[in-house]
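J.: dropping a prediction and its sequence here:
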Amino acid sequence: MLPYLTPVKPVRRIRYLIFLKDVLILSLTTFGGPQVHLAMLYERFVQKRRYLTESELMELNALCQILPGPTSTQTITAVGFKIGGPNLAYITLLIWVLPAVSIMTAVGMGMFYLEQHNLSLRFARFIQPMAVGFLIVAGYRIGQKVIKDQVSLALAITAALVAYVFRSPVMTPVVIVAGGLVTALTYQKQERMEKKPLQVQWSNFFLWLGVLIGAAGLGAVTQSLPVRLFENFYRNGSLVFGGGQVLTPMLYNEFVAFKHYLTREEFLSGLGLVQALPGPVFCFASYIGALSMRDAGFTGQFWGSFVSTAGIFLPGTFLIFFVYRFWEQLKRYRVVRASLDGVNAASTGLTAAAAIVLFQPMAPHWPSVAVVLITMGVLLYTRIPPFVIVVGGLVAGVVL
């Protein structure tokens, strides 16, 4: 036995602890969505710590963009997986989401407390139209990137019309899958790459699928609200491509328009407030889960937040663990790359439909319309961070 090899484990453990400290710092300081998150990951993980190279980080981010789930969360989880395997990856995920999840859970409980005691929510009245402004700008920016030709434009318009007319959560996966199938037929336009036989380890795929089917079956049999909440968010987390902005219309259709767990005003207030927090926008699920179980008391609200958070984040985690192992081979198939154009175009249409549905009740009220337009202008033509805009809206609500 070589004595100089014995310190390897302690050194590796210290490296893991330093990495987790970096993740905690990022979870408290990364405002502004996936693009800003990626820049901060690059600065800390590549330039400062050299955990991986720039090309490795960009490739991981590209992989996460084509998978359903929260892109930033999957990317930072994949970095943890690359450095220390699945155990470090799960701890990374927990540390990354915990601050925003804790705050949004507290916000959901606080919102119910205010309503229960008939206390005024007027201080948040500007947050609701601001949330619509955020959503419109997000849809516009996504559209600029993914609508490249007449086919993608037609898919986006069709998806928006279908989602607007048929406001059911069932339509969301139908629209997304249909968009992917349409552009998959145009795979000949993609660059041909040399293919290698796929060597697939199926364990994480079966784990993802087993939880999906098991939760759906258990929810149908027991009719337990926590189980159904987990299934609802797990299903949505398995279908959403494009980040938190695309998730918004799915959650609105499911929990406001269809199931009436939240009012439109509660939904918009939470959507606006989550923009002011560091970390992933998907933590909005924690807020919805807490309010969905408001009638079960403090403990019920906590469990509602817990199961909703687990449901929204686990699918993307299972899938990144699954695909990461054979990504090098998978990305060489033209039909896979082609289908992503349709998925992204359909997701843009869903975002547009949600923005229209949420804006309609505000249209007759000029102050709300003015706040929407001002928010859009600030986002498009200034560099003021979103959290500063939201804090400004809260201050204005209190003062006025």
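T.: Nice, I can see it. As the structure is a computational prediction, the values presented were derived from the model and not from experiment. Numbering: from 1, shown residues only.
J.: what about the residue lying closest to Val274 once chain neighbours are set aside, neighbour count?
T.: With sequence-adjacent residues excluded and distances taken as C-beta to C-beta, 6 or more residues apart in numbering, Val274 is closest to Phe284, at 4.7 Å. Yep, even glycine has a C-beta here, placed from its N, CA and C like the rest. Neighbour count of Phe284, defined by other C-beta atoms under 10 Å: 26.
J.: report the contact partners of Phe284.
T.: Met104, Gly244, Leu247, Thr248, Leu251, Gly270, Leu271, Val274 (C-beta atoms under 8 Å, 6 or more residues apart in numbering).
J.: okay, and it sits in which element?
T.: helix 284-292 (DSSP states H and E).
J.: after that helix, which helix or strand is next?
T.: helix 297-324.
J.: what helices or strands is that following helix leaning on?
T.: Judged by 3 or more C-beta pairs under 8 Å, 6 or more residues apart in numbering; DSSP states H and E, helix 297-324 is in contact with helix 54-65, helix 71-116, helix 203-222, helix 225-239, helix 284-292.
J.: could you rerun that using 6 Å?
T.: helix 71-116, helix 203-222, helix 225-239, helix 284-292 (3 or more C-beta pairs under 6 Å, 6 or more residues apart in numbering; DSSP states H and E).
J.: list phi and psi for Tyr333.
T.: Backbone torsions for Tyr333, taken as degrees, to the nearest 10, come to phi -90, psi 120.
J.: what's the answer for Gly69, then?
T.: Per degrees, to the nearest 10, the backbone of Gly69 is at phi 120, psi 180.
J.: does it touch Thr317 like I think?
T.: No - counting by C-beta atoms under 6 Å, Gly69 does not reach Thr317; the two are 7.5 Å apart.
J.: give the closest residue to Cys79 in space, chain neighbours not counted.
T.: Heads up, residue 79 is Val, not Cys. Nearest non-adjacent residue to Val79 (C-beta to C-beta, 6+ apart): Phe45, at 6.1 Å.
J.: could you list the domains of the protein?
T.: 3-91, 102-399 (automatic domain parsing).
J.: quick revisit: can you pull the pLDDT of the residue nearest to Val274?
T.: Looking at Phe284, its pLDDT reads 91.
J.: so where's this structure shaky on pLDDT?
T.: 1-9, 31-36, 62, 65-66, 119-124, 168-170, 195, 241-246, 328, 331 (pLDDT under 70).
J.: and if we set it to 50?
T.: 1-8 (pLDDT under 50).
J.: buried stuff in the host helix or strand of Val11?
T.: Using DSSP H and E, the element containing Val11 is helix 8-29. Going by neighbour count (16 or more other C-beta atoms under 10 Å), the buried part of helix 8-29 is Tyr16, Phe19, Leu20, Asp22, Val23, Leu26, Ser27.
J.: the inter-axis angle of that helix versus helix 71-116?
T.: Relative orientation of helix 8-29 versus helix 71-116 (axes from the mean of the first three to the mean of the last three C-alpha atoms, to 10 degrees): 50 degrees.
J.: ok, and what's touching helix 8-29?
T.: For helix 8-29, the surrounding residues in contact (C-beta atoms under 6 Å, 6 or more residues apart in numbering) are Arg44, Ile83, Gly84, Leu88, Thr92, Ile95, Trp96, Pro99, Pro278, Gly279.
J.: closest to Leu380 out of those residues?
T.: Ranked by distance to Leu380 (C-beta to C-beta), the contacts of helix 8-29 are led by Pro278 at 22.4 Å.
J.: just give the number of residues close to that closest one.
T.: Pro278: 19 neighbours (other C-beta under 10 Å).
J.: just to check, it is in contact with Ser72?
T.: No - using C-beta under 6 Å as the test, Pro278 is too far from Ser72 to be in contact (10.8 Å).
J.: got phi/psi on the closest residue to Arg125 other than its chain neighbours?
T.: Nearest residue to Arg125, sequence neighbours excluded (C-beta to C-beta, 6+ apart): Gly397, at 5.5 Å. In terms of degrees, to the nearest 10, the main-chain angles of Gly397 are phi -60, psi -40.
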